[in-house]
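> Based on what follows, work out the 3D shape:
(2 chains)
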Amino acid sequence: MAQSLILLCIGLPWAGAVVAWLVRNEQERSQHALAVAFSVAAGLASLVLIPYASSEVVLRLPIGGLFGDVTFVADGLGVFLAAVATVVGSLAVIFSVAYMHGDPQLGRFYALVLLFIGAMVGLVLSNNMLFLFFFWEITALCSYALISYYNDDPKAVAAGIEALIMTQVGGVGLLGGALVVYALLGSYEIDAFLKNAATLGTTPLAWMAFGFLIAAAAKSAQFPFQTWLPDAMEAPTPVSALIHAATMVNAGVYLLARFYPAFAPVPGWRTAVVAVGVVSALMAACMALVSPDLKRALAYSTVSQLGYMVYAVGVGGFFASQFHLLSHAVFKALLFLAAGAVIHAVGTRDMMKMGALGPRMPFVRNVFVVGAAALAGLPILNGFWSKELVLEAGLHDGPAWALTLMLVGAGLTACYTFRMVWLVFFGEARTRLRAHDATASMRVSLALLTIGTVFTWQLAGSFARFLEGTLPFHKIHALGTAEVVGEILVAPLTWVALGVIALGLLAWWRRDQLAGVADSFDWLAVAASKSFGFERINEQVVGVTLAVANAVRVTQPGHLSWNLVGIIGGLVAVLIFLTWGA
Amino acid sequence: MTPLQIGLLGVLGLLGVGCYGLLITRNLIKVVIILQILVKSAVLALVLAGEAAGQAGLGQSLAATVIVADTMVAVVGLALAVQVRRRCGSVDLSAISTLRG
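Here you go, the predicted model:
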């Protein structure tokens, strides 16, 4: 049963991708219907898979000696992320019915979205590192194609290429790690690696650990690779929701969480993970505070919240990181889709042109406020419980400087979230915009996600037991929901964090009185609005690459004869090498 | 000298002739002919390898396959040369080079 469910979870979106591609673009209604049907079916399959979760290999496809068997393990971590990818993904697809209405190339859009969802499921369920890498690269390719979906817009194409290159850099680390494991253990299987990691020796393990950290940072848009995610906002909004909440960026956190038991003993690795998380969380929060673009501000908040998850993994709070991932997936999908409804209605992403939209789109305002409160960490929404758990984990086992900075980050989060809500829905209308409330199919997705935002924290206990029961290598102490709630409510840290969050809200409320303080932080605002110089660094890297390419182009004179001699010479060299080696 | 060694010398000789020819010629038609010479050295090597491994039949059948495939390569190469001549007015490699980096 579990076997066929795994195949369904990956196969249904992929089959849907092919079907949506084959249906002609003139038949728009059937394209919408097919995409929704296949994605919802995949979501249901992944939900049915939950009770079958176990740490055993349930699906083994022999494909010859070179790559080893393709094995899939439906353990708690994998099934959980597969469910997030397919369920949130299917809600994004339902939302697209309204958002992408009338698009001339709907087939391409749905095919890529469904391929993306299927690849993400494959990535989290795969137990073969090489196939983990393959799925990883498929998601990178899909994100590239979807970010550049409006391919007549040079900015969108540039953003797509940026995302592709950045995640490729990380992919190299992942492939290198997989090859090291194969060379030393003779197998690509992840569970075999986790079991025998200690026997590998410190040096190869350290190489792998840091290689995987780079891969995860690139995929999850963490410092120093954070620039691609905000630029990816050129994509259609459902795709942004998909990338930010359901698929792409979770892959990096998944990678760290999956391999944490093997890498935790590597000296310096946990500190590096904590540092990456803290720097990303703070830096992105500062940038969110000054961004005038609604979607970019949300993108920065994603980087920041992912920083919290990475930090949680670094301090050993495995459950806290995954729980925050769940909360974040739900409330960030809600925020993105609500932002999409706003952008769809008013036709601009610039918050400085919005204002006072609340009375004209009350439904969107209400759900956005719920999502924003969860992002800010206000009780009793899911973001509150998971963020407190992350901070608790940091207090329990982690450096004090990191915890302090994360608390500051929580205050900044509250401040920029409130700023966003205020600029869009309240205050005065700064320009005259035509606005209408969300349409029916948008409301379905938004309402379901709002319900999720209010209630998913009640799953804490069963989620912890679920992870504990199916992950033999991770040490998790499962508590019931009531115990988690009790522990959080009596912890002094919770009240400190709430105080900081309240301060953050107050700071925005009293921004006129605080103008003097704000002026003294002007340098920070300027630096943040210039993304702390990282765009400059990217430009320099591109410049150096082009210069090197120009320097070596003299080796390509373009004479066919010489190229042929080169090919033959290379073949002969390989032959000689093989003869000597054998 | 064993027959195998003599054969290998032949392979190397053909390979050398091919590489030398590639370096001195600028005519696309001649390049196709030289590629044929190079492939013949590979065919000879296949036959010799089959003989040396005690599987003469296998080596010879592979050689026959290569000859068939190679004929198609030559046909396509010559057809391309015709197209190049029509399009560029020349089959001189240095004149039609668009692969320059």
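> pLDDT score assigned to residue B:57?
Residue B:57 carries a pLDDT score of 90 in this model.
> which ones are touching the closest residue in space to it that isn't next to it in sequence?
With C-beta to C-beta, 6 or more residues apart in numbering or on different chains as the measure, residue B:50 is the residue that lies nearest to residue B:57, at 7.2 Å, once sequence neighbours are left out. No exception for glycine: its C-beta is placed from N, CA and C like everyone else's. Contacts for residue B:50 were tallied using C-beta atoms under 8 Å, 6 or more residues apart in numbering or on different chains; they are B:56-60, B:62-63.
> Mind checking which of the residues you listed are in helices?
Using DSSP state H, the subset of these located in helices is B:56-60, B:62-63.
> Any idea which helix or strand in chain A has the lowest mean pLDDT?
helix A:515-520 (a mean of 68; mean pLDDT, DSSP states H and E).
> Give me the contacts around the helix or strand that comes right after that one.
Counting by DSSP states H and E, the next helix or strand C-terminal to helix A:515-520 is helix A:522-529. Helix A:522-529 has contacts (C-beta under 8 Å, 6+ apart) with A:283, A:286-287, A:289-291, A:518, A:533.
> ChimeraX command to pick out the buried ones of those?
In ChimeraX, this line selects whichever of the contacts of helix A:522-529 come out buried by 16 or more other C-beta atoms under 10 Å in any protein chain shown:
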select /A:283,286,287,289,290,291
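> Can you pick out the ones from the contacts of helix A:522-529 that are in helices?
A:283, A:286-287, A:289-290, A:518.
> separation between residue A:38 and chain B?
42 Å (C-beta to the nearest C-beta, to the nearest Å).
> element containing that residue?
helix A:28-49.
> and the residue of chain A nearest chain B?
residue A:556 (2.9 Å; C-beta to the nearest C-beta).
> roughly how far apart are that residue and residue B:9?
34 Å (C-beta to C-beta, to the nearest Å).
> wait, doesn't residue A:328 sit right on residue A:386?
Yes - with contact defined as C-beta atoms under 8 Å, residue A:328 reaches residue A:386; the gap is 7.5 Å.
> Now do the helix holding residue A:38: which elements does it pack against?
Judged by 3 or more C-beta pairs under 8 Å, 6 or more residues apart in numbering or on different chains; DSSP states H and E, helix A:28-49 is in contact with helix A:2-22, helix A:76-99, helix A:106-125.
> just the helices in chain B please.
Going by DSSP H, chain B shows helices at B:3-24, B:28-52, B:56-88, B:93-96.
> quick one: buried residues of the longest one?
Under the neighbour-count criterion of 16+ other C-beta under 10 Å, helix B:56-88 has B:59, B:62-63, B:66, B:70, B:77, B:81, B:84 buried.
> what packs against it?
helix B:28-52, helix B:93-96.
> on that earlier part again, and which of the contacts of residue B:50 is nearest residue A:514?
Residue A:514 lies nearest to residue B:62 out of the contacts of residue B:50, by C-beta to C-beta, at 81.8 Å.
> Spit out the contact partners of the closest one.
B:46, B:50.
> where in chain B is pLDDT low?
By pLDDT under 70, the weakly predicted segments of chain B are B:97-101.
> the helices in the stretch 101-250 of chain A, which residues?
Using DSSP state H, counting those that start in this stretch, the helices found in the stretch 101-250 of chain A span residues A:106-125, A:129-147, A:154-185, A:190-196, A:202-219, A:228-231, A:237-241, A:248-263.
> Stretch B:31-38 close to chain A?
Yes - counting by C-beta under 8 Å from any C-beta of the partner chain, chain A is contacted by stretch B:31-38 at B:31, B:35, B:38.
> Buried residues of the helix or strand encompassing residue A:419, list them for me.
Assigned by DSSP H and E, residue A:419 belongs to helix A:400-425. Burial within helix A:400-425, assessed by neighbour count using 16+ other C-beta under 10 Å, is assigned to A:402-403, A:405-425.
> before we move on, what about stretch A:426-440?
Buried residues in stretch A:426-440 (16+ other C-beta under 10 Å): A:433, A:435, A:438-439.
> ok, now stretch A:443-459?
Buried positions in stretch A:443-459, judged by neighbour count with 16+ other C-beta under 10 Å: A:443-446, A:448-450, A:452-454, A:456-459.
> Quick check: next helix or strand after whichever strand or helix holds residue A:543?
Here residue A:543, judged by DSSP H and E, is contained in helix A:534-552. The helix or strand immediately downstream of helix A:534-552 is helix A:560-581, counting by DSSP H and E.
> Send over that next one as CSV, restricted to the C-alpha atoms.
Extracted C-alpha coordinates of helix A:560-581, given in CSV (Å, rounded to 0.1, in the frame of the first residue of the first chain):
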residue,chain,number,x,y,z
LEU,A,560,37.3,22.4,-37.0
SER,A,561,40.5,20.4,-37.7
TRP,A,562,42.1,21.4,-34.4
ASN,A,563,38.9,20.6,-32.5
LEU,A,564,38.8,17.2,-34.1
VAL,A,565,42.4,16.5,-33.2
GLY,A,566,41.6,17.6,-29.6
ILE,A,567,38.7,15.2,-29.4
ILE,A,568,40.8,12.3,-30.7
GLY,A,569,43.7,13.2,-28.5
GLY,A,570,41.4,13.3,-25.5
LEU,A,571,40.0,9.9,-26.3
VAL,A,572,43.5,8.4,-26.7
ALA,A,573,44.5,10.0,-23.4
VAL,A,574,41.5,8.4,-21.7
LEU,A,575,42.4,5.0,-23.2
ILE,A,576,46.0,5.2,-22.1
PHE,A,577,44.8,6.2,-18.6
LEU,A,578,42.4,3.3,-18.4
THR,A,579,45.1,0.9,-19.7
TRP,A,580,47.6,2.0,-17.2
GLY,A,581,45.0,2.0,-14.4
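> That helix and chain B, any residue contact?
Yes - Helix A:560-581 lies within reach of chain B by C-beta under 8 Å from any C-beta, at A:560-565, A:568-569, A:572.
> And that helix, what does it pack against?
helix B:3-24, helix B:28-52.
> With distance to residue A:550 added, can I get those in a markdown table?
What follows is the helices and strands packed on helix A:560-581, written out as a markdown table (distance: least, C-beta to C-beta, whole Å):
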| stretch | distance to residue A:550 |
| --- | --- |
| helix B:3-24 | 27 |
| helix B:28-52 | 29 |
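> Could you identify which of the ones you listed is most buried?
Of the helices and strands packed on helix A:560-581, the one with the most neighbours on average (mean count of other C-beta atoms under 10 Å in any protein chain shown) is helix B:28-52, at a mean of 18.
> starting at the chain centroid, how far to that helix?
Distance of helix B:28-52 from the chain centroid (C-alpha atoms, centre = their mean, to the nearest Å) equals 5 Å.
> just the angle between that helix and helix B:56-88, please?
170 degrees (axes from the mean of the first three to the mean of the last three C-alpha atoms, to 10 degrees).
> And chain A, what are its domain boundaries?
With domains defined by automatic domain parsing, chain A comprises A:128-529, A:539-581.
> Tell me which of the ones you listed is the most buried.
Comparing these by mean neighbour count (mean count of other C-beta under 10 Å), domain A:128-529 comes out on top with a mean of 21.
> For chain A, which residues are neighbours of chain B?
Counting by C-beta under 8 Å from any C-beta, chain A sits next to chain B at A:553-565, A:568-569, A:572.
> make it 7 Å
A:553, A:556-561, A:564-565, A:568 (C-beta under 7 Å from any C-beta of the partner chain).
> Residue A:409 reaches residue A:285, doesn't it?
Yes - using C-beta atoms under 7 Å, residue A:409 is in contact with residue A:285, at 5.2 Å.
> Show me whatever sits in contact with both of the two.
The contact sets of residue A:409 and residue A:285 overlap at residue A:304 (C-beta atoms under 7 Å, 6 or more residues apart in numbering or on different chains).
> Quick check: the two most widely separated of the contacts of helix A:522-529?
A:518 and A:533 (21.5 Å).
> For residue A:173, which non-adjacent residue is closest in space?
residue A:211 (3.5 Å).
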